[in-house]
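# I would like the atomic coordinates for the input below:
(chains A, B, C and D)
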Number of protein chains: 2
Amino acid sequence: MVRPTMEDVALRAGVSRALVSLVMRGSPKVSELRRTAVLKAAEELGYSPHAMARSLASRTSTVLGVMVSDLHNAFFAEVVDGIDEVAREQGFDIIINTGGRSPARERRALESLLSFRPAGLILLSPVVPATAIGKAAEQLPVVLVARSSRVSTVDTVNDDGEQGARLAVEHLVSLGHKRIAHLDGGEGTQAGPRRRGYVAAMEAHGLVPQVVSSEYTDAAGARAIRSLIADDALPTAILSCNDFNAVGAISALEDAGLRVPQDVSVVGYDNTSLAALRHVSLTTIDQPRAEFGRLAADALLQRVREERTEPVRHLLNPSLVVRGTTAPPATSRRTADFKAKSPERQSRDQ
Amino acid sequence: MVRPTMEDVALRAGVSRALVSLVMRGSPKVSELRRTAVLKAAEELGYSPHAMARSLASRTSTVLGVMVSDLHNAFFAEVVDGIDEVAREQGFDIIINTGGRSPARERRALESLLSFRPAGLILLSPVVPATAIGKAAEQLPVVLVARSSRVSTVDTVNDDGEQGARLAVEHLVSLGHKRIAHLDGGEGTQAGPRRRGYVAAMEAHGLVPQVVSSEYTDAAGARAIRSLIADDALPTAILSCNDFNAVGAISALEDAGLRVPQDVSVVGYDNTSLAALRHVSLTTIDQPRAEFGRLAADALLQRVREERTEPVRHLLNPSLVVRGTTAPPATSRRTADFKAKSPERQSRDQ
DNA sequence: CTACAGCATTAGAGCGCTCCAACCAATAGA
DNA sequence: TCTATTGGTTGGAGCGCTCTAATGCTGTAG
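Below you'll find the model as predicted:
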């Protein structure tokens, strides 16, 4: 249970502790003879350097802290993949902690991460107040993903939610839809831009926006649809605030005896793995998640290396993924463009 | 960018460094006068202890390392919740790293975690070779979740896959099914016990097992169904190796014009959030995931405190969650018990 | 033969903290 | 009065490492 130290390796290899240190850091100014001797001794002892002692002594860190607001959401997993890719390339390790979307727990996670004195911090869609982020940013470089900030020492990486919503609306309009409702994400992250983009795109096409208050869950999506039906206000197409909401909406539509996409088209947002399931086959808006991670890590490492001081604000372009839940509205089926429909869902139409 | 040290706090509070240390660790042998003075100085300076220096000096760690094999899988998120809950209760922090189901990356993640010299390590469904785990276990306490081990210094927490499969078979048998196929998970973790449990349960009921080779993905589930249909060997019920596979199977069945559950019943495994979606409403086997995490953390902390040396092998009981994808077989609908059907899917039957 | 590079190697201080032993009142007991 | 005792406080060593400056050791030029 007790790990060997540099001293042990030095003793065994018959050299000084400092020499072992040089070998471990891959210094070129070590003779081949000693180098192999040290490596052999280290191997035999099962030695590996103590990251904390190293970081303490060198007053530097090769660790990037990553705070994932919600581990349950696979969205973040792909962002982490992107971060990990870049970090590893540049010789950095990452440590992850999670806040479970609770501000208190997230704050604790932040403290914990900070106590390791990492070189920098990436926060994925954090829910802690901006002041807490600002405070952290006084101690080390901080990059925010899927959350904006006005602090000039903090870099941000976001998707252009307005553009994403516009893409969805234009897809539906091109199919011939005129009555398109938006199931709104309420207080949720990024709900604002999506709503604004939806409203702007509708108005740009001379259509009347219909924003229905909802949330980022499938239950909320179903509820919104039921209330639309009850009010006799069901449109021919739905733009949900995210994929979960969309799937709930589809369920409620089917429960009411309506067919998707023949009677009502539905578009999600996020392109989660859920949307890609053939059973769901949801038309949705994709965000370049791994790219989020890569850009965030790049931005962070630039700050770590002090190559840049002015803030960076990445706003990435989302893209439309057409699957089986969108089609021309029932009234104009004959004339509209069928090519937009994905063939994988065709078989369910008969 | 430079954090204050204990020295700074001591100076400002007019006391010694050692006294600050005592206050920070909540020692009772500090006068109220000094305590408040120190806390005030710390507050003003924005001081918080340096976890690494502390751990280095005390030769102990209050950190538990958690290696998540796959961050994309929400299964692990709930296990982490359980771990976090117990760890926090007992004053431990956790740091997470991920291996992305690649042995090489996982090995690196392990090294990285180890370099922080945590008090112990929890590995969630690791794919690294057993020798690598054994090596880690020589340095610190290790607990495995969703993977078994024969090493006596390693504790394990698993679900009883045989029992889970048996529950599923018995549910289907009680509905009147006689021809039940198992879409097998192949090399996947835990596929073996599930297969064995299925075969044993079938034989116990005097039925003929039908194991179809498949994988843990929805595409594989769909493929297996198509091959069953092509071979004219489609049974009245399907037990999938996991929920994704089951959803793929349902899709393929619907594509072939068959209705679930009227024509074919489908049972999944894992009770992922996917299964709970009303649009999917999958009958499945639930594993107590948060409990996995709690037990793993408990076992680990026992080892950390050296309260136990003999290994612990938790084998938790899974449970059946009946939703809308199972019903009596078409041929015996009149006589079988309808109560097992979930009402939430009833509306789709007409 | 001395001087001086130039290179490989090492001693020693110090990173921010903990922990032990020592210390210093102040009070209690003899 | 002197010695214990107690509770609060402190100096200093040391955790495993890095880093600077100094050292020893060639080999080559003067």
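# strands of the stretch 201-350 of chain A, start to end?
Per DSSP state E, counting those that start in this stretch, the stretch 201-350 of chain A carries strands over the ranges A:210-213, A:237-240, A:265-267, A:284-286, A:313-316, A:319-321.
# partners of the first one, with directions?
For strand A:210-213, the paired strands and their directions (DSSP bridges) read strand A:180-184 (parallel).
# what does the last one give?
Each strand that pairs with strand A:319-321, with its direction, by DSSP bridges: strand A:284-286 (antiparallel).
# which residues touch the partner strand?
A:164-165, A:167-168, A:243, A:246, A:267-272, A:275, A:318-321, A:323 (C-beta atoms under 8 Å, 6 or more residues apart in numbering or on different chains). Every C-beta, even on glycine, is put in place using the N, C-alpha and C of the backbone.
# tell me the contacts of residue A:160?
When contacts are taken as C-beta under 8 Å, 6+ apart, residue A:160 is in contact with A:193, A:315-318.
# tell me how far it lies from residue A:240.
According to C-beta to C-beta, to the nearest Å, residue A:160 and residue A:240 sit 18 Å apart.
# coming back round to it: most tightly packed of the strands of the stretch 201-350 of chain A?
strand A:237-240 (a mean of 32; mean count of other C-beta atoms under 10 Å in any protein chain shown).
# quick one: distance of that one to the chain centre.
Chain-centre distance of strand A:237-240: 22 Å, with C-alpha atoms, centre = their mean, to the nearest Å.
# near chain B too, which of the contacts of residue A:160?
Among the contacts of residue A:160, no residue is within reach of chain B (C-beta under 8 Å from any C-beta of the partner chain).
# got the residues you listed as JSON lines, with pLDDT columns?
Listed next are the contacts of residue A:160 as JSON lines, based on pLDDT from 0 to 100:
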{"residue": "A:193", "pLDDT": "94"}
{"residue": "A:315", "pLDDT": "95"}
{"residue": "A:316", "pLDDT": "96"}
{"residue": "A:317", "pLDDT": "96"}
{"residue": "A:318", "pLDDT": "97"}
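# closest to residue A:40 out of the residues you listed?
Closest approach between the contacts of residue A:160 and residue A:40, by C-beta to C-beta: residue A:316, at 48.9 Å.
# so is the least confident helix or strand in chain A by mean pLDDT next to chain B?
Of all helical and strand segments in chain A, the minimum by mean pLDDT, DSSP states H and E falls on helix A:273-276, at a mean of 89. Yes - counting by C-beta under 8 Å from any C-beta, chain B is contacted by helix A:273-276 at A:273-274.
# which other residues reach that helix?
A:74, A:243-244, A:246-247, A:268, A:280-282, A:284, A:321, A:323, B:72, B:274, B:277.
# CA atoms of that helix as CSV?
Extracted as CSV, the C-alpha positions of helix A:273-276 are listed here (Å, rounded to 0.1, in the frame of the first residue of the first chain):
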residue,chain,number,x,y,z
SER,A,273,-28.7,9.8,-29.2
LEU,A,274,-32.4,9.5,-28.5
ALA,A,275,-33.3,11.3,-31.7
ALA,A,276,-31.2,9.0,-33.8
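# pLDDT value on residue A:331, please?
Residue A:331 carries a pLDDT score of 68 in this model.
# likewise the one 3 residues further on?
pLDDT, residue A:334: 41.
# ditto for residue A:27
Looking at residue A:27, its pLDDT stands at 88.
# ok, now residue A:338?
Taking residue A:338 on its own, its pLDDT is 38.
# any idea how many residues pack against residue A:280?
Neighbour count for residue A:280, taken as other C-beta atoms under 10 Å in any protein chain shown: 27.
# how near is residue A:45 to residue A:9?
On the measure of C-beta to C-beta, residue A:45 and residue A:9 end up 6 Å apart.
# equivalent analysis for residue A:184, please.
For residue A:184, the distance to residue A:9 - C-beta to C-beta - is 61 Å.
# same deal with residue A:292?
Distance of residue A:292 to residue A:9, given as C-beta to C-beta: 41 Å.
# what do you get for residue A:289?
For residue A:289, the distance to residue A:9 - C-beta to C-beta - is 42 Å.
# just for the stretch 251-350 of chain A, where's the confidence low?
Residue ranges of the stretch 251-350 of chain A with pLDDT under 70: A:331-350.
# would you mind naming what in it lies close to DNA strand D?
For the stretch 251-350 of chain A, no residue is in contact with DNA strand D (C-beta under 7 Å from any atom of the strand).
# and the helices in the stretch 251-350 of chain A?
Ranges of helices within the stretch 251-350 of chain A are A:273-276, A:289-304, based on DSSP state H, counting those that start in this stretch.
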